[in-house]
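J.: Sequence and computational prediction follow.
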Amino acid sequence: MTTRLPYRALLGLVAALALLAFPAFAAAAKESKPLPPKDTNVGALEQLPGRLGCLSSGKASKKVCGQARALKGAGPGVGSRAIAVSPDGRNVYVASFLSNAIAVFDRDPVTGALTQPRGKAGCVASVVGRAKGSAQGCGLAIGLDGANSVAVSPDGRNVYATSKGSAGVVTFIRNRRTGRLRQLPPSASGCIAGTSTPGCTPGRGIKWPDVVVVSPDGKNVYVGDFAGSGVTSFSRAGKAGALTQLPGSEGCITEAGEEGCAKGREMDHIEGMAINPSGTTVYSAAAFSSAIDILQRNASTGALTQASGTNGCITVEAVADCEQGYEFAGVNALVVSPKGGNVYATSLTSNSVTMFRPTAEGGLAQPARPEGEKIPAGLGNPEGCLVYLRSPGCSFGRAMSVPEGLALSPAGDNLYVSAFVSGAMDVLDRNFQTGAVNQKPGERGCLASPKVGGCASGRALGLTGSVVVSPDGRNVYSTSEESSAVDVFRRIR
């Protein structure tokens, strides 16, 4: 097990630890042979010009961004899936922690520019958010206090959101013509909460729901819980997309195995989740365990089970009955390649992006480390890790301090990383044959505040938390908690 520290305390230690580690790793890093980055503009990002390049509810709207409502605290540090694009590409949805809201935007299919509809069509918020004035004119939603993640169903009929303050999972019906959201009524469990929240249906294993994902077949919704250290499982039914928690131990799997949940392993503080394209496996990222948990999904019932032995988890520490890997301490976001051949993770304390391959037995493995008697402790393989500053054997990443969000292009040729502390948007090329990723050279490899050297200059990029790519591959969108903004980029193709 890794040392358990409060999440925000970990943020404060990251930069200092990385700088202290730099001299020790430098010599070993010179001996590594990372794959050369592609010398091409394909996949690089350009922020849209002027106020089209960002929309904000904060001070940035007075100087460089367009003005929007319900974006206070957009994409919080705990919540690496705070932005989503509808499958038809018409709308973008943003979870805003301080506005207690989901902001709704219309997307121009040609330019990717975003506009917010007026009135209630442009946002939904809790009573608290509307009372604070950060979500004026929004539609009312129950159980949305401290919204932190959002997901759209594959059929585009529903938007699901998680909220810390209400310990809630909220269900909205999406108007597929206008993009407007309408919460299901309490009688249909429009809110399922782990706390006693008026209008919400009681749920088990829900304390601080952090991330929400929908299965590719649309039958199930899964929620990763940060404080609850587990995953809750729901069935999704009918055109309304109503959720029902699975019965008994099938309804949740947690490290403690409390509230009638199944008992899992190495699941301390789940922050990231991803499902493979076939829908057979759910991967969860446990930040405090520094582990990726492999949960097999029953396609008929939606129930999740963790295999015993090394096929059920991979960790950075030597842990009984888990595979051991390298450079993903404090793992927090996950994404699976379009064909399912690779799993990628961002990690808080390692300041890294790591690559994994599913094994024939159903587990995960990283590329093997080099063999030899004088291998430094923690040595990786350049195909399996990319690290901010340097680490033995890994490729080098720039402007990647505390990487938080992660998104792949539809074709799988580029990986985009949002770095919380540096505020940068990092651009990586992906090798289709090996799955290895490398950062683009020069300014094509990152966009950031002018204070961050070596990157193209971007606007409203402080505390960049979440990132998503549009289904057509034309645009990339990210959130900024510091600027209370959503940033808009054109992807060069």
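T.: Structure received.

J.: separation between the closest residue to residue 76 other than its chain neighbours and residue 234?
T.: Sequence neighbours aside, residue 97 is the residue nearest to residue 76 in space, at 4.0 Å (criterion: CB to CB, 6 or more residues apart in numbering). To be clear about C-beta, it is placed using only N, CA and C from the backbone, and glycine gets the same treatment. Taking CB to CB, to the nearest Å as the measure, residue 97 falls 23 Å from residue 234.

J.: Is there a neighbour count for the closest residue to residue 205 other than its chain neighbours? I'd like the number.
T.: For residue 205, ignoring the flanking residues on the chain, the nearest one in space by CB to CB, 6+ apart is residue 252 at 3.3 Å. Number of residues near residue 252 (other CB atoms under 10 Å) recorded here: 28.

J.: For beta bridges, what are the partners of residue 252?
T.: Counting by DSSP bridges, residue 252 is bridged to residue 232.

J.: so the residue lying closest to residue 332 once chain neighbours are set aside, which of the three states?
T.: Spatial nearest neighbour of residue 332, excluding adjacent residues (CB to CB, 6+ apart): residue 271 at 4.4 Å. At residue 271, secondary structure determined by DSSP: H, G, I helix; E, B strand; the rest coil is strand.

J.: so what's residue 51 up against?
T.: Neighbouring residues of residue 51 by CB atoms under 8 Å, 6 or more residues apart in numbering: 64-66.

J.: Can you tell me which of those residues has the most neighbours?
T.: residue 65 (28 neighbours).

J.: pLDDT score for that one?
T.: Model confidence at residue 65, given as pLDDT, is 96.

J.: what about it, distance to residue 47?
T.: Distance from residue 65 to residue 47, counting by CB to CB: 11 Å.

J.: who touches both of those two?
T.: 53-54, 459.

J.: just to revisit the earlier point, can you tell me which residues contact the residue nearest to residue 76?
T.: If you count contacts by CB under 8 Å, 6+ apart, residue 97 has them with 72-74, 76, 79, 146-148, 164, 481.

J.: Reformat these as TSV; add secondary structure, neighbour count and distance to residue 382.
T.: Converted to TSV, those look like this (DSSP: H, G, I helix; E, B strand; the rest coil; neighbours: other CB atoms under 10 Å; distance: CB to CB, whole Å):
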residue	secondary structure	neighbour count	distance to residue 382
72	coil	22	41
73	coil	28	37
74	strand	36	34
76	coil	25	33
79	coil	33	31
146	coil	26	40
147	strand	36	38
148	strand	29	34
164	coil	22	37
481	coil	27	32
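
J.: For my notes, please list the residues you listed in TSV and give distance to residue 357 and pLDDT for each entry.
T.: Formatted as TSV, the contacts of residue 97 follow (distance: CB to CB, whole Å; pLDDT from 0 to 100):
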residue	distance to residue 357	pLDDT
72	40	95
73	36	93
74	34	94
76	31	81
79	28	67
146	36	94
147	34	95
148	30	94
164	34	94
481	33	93
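
J.: Which of those lies at the shortest distance from residue 398?
T.: For the contacts of residue 97, the residue nearest residue 398 by CB to CB is residue 481; the value is 21.6 Å.

J.: In this structure the closest one contacts residue 72, no?
T.: No: the criterion here is CB atoms under 8 Å, and residue 481 misses it with residue 72 at 9.2 Å.

J.: so residue 291 touches residue 330, yeah?
T.: No: Residue 291 is not in contact with residue 330 according to CB under 8 Å; the separation is 10.5 Å.

J.: Which residue ranges of the stretch 51-200 of the chain form strands?
T.: 54-56, 66-67, 83-85, 91-96, 101-107, 114-115, 123-125, 139-140, 147-152, 158-163, 168-174, 181-183, 191-193 (DSSP state E, counting those that start in this stretch).

J.: Mind putting the ones you listed into a markdown table with distance to residue 397?
T.: Listed next are these as a markdown table, based on distance: least, CB to CB, whole Å:
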| stretch | distance to residue 397 |
| --- | --- |
| strand 54-56 | 24 |
| strand 66-67 | 31 |
| strand 83-85 | 22 |
| strand 91-96 | 26 |
| strand 101-107 | 30 |
| strand 114-115 | 29 |
| strand 123-125 | 35 |
| strand 139-140 | 41 |
| strand 147-152 | 25 |
| strand 158-163 | 29 |
| strand 168-174 | 34 |
| strand 181-183 | 37 |
| strand 191-193 | 38 |
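
J.: so what's the residue nearest the centre of the chain closest to, chain neighbours aside?
T.: Centroid-nearest residue in the chain: residue 80, 3.1 Å away (criterion: CA atoms, centre = their mean). Nearest non-adjacent residue to residue 80, counting by CB to CB, 6+ apart: residue 333, 4.0 Å away.
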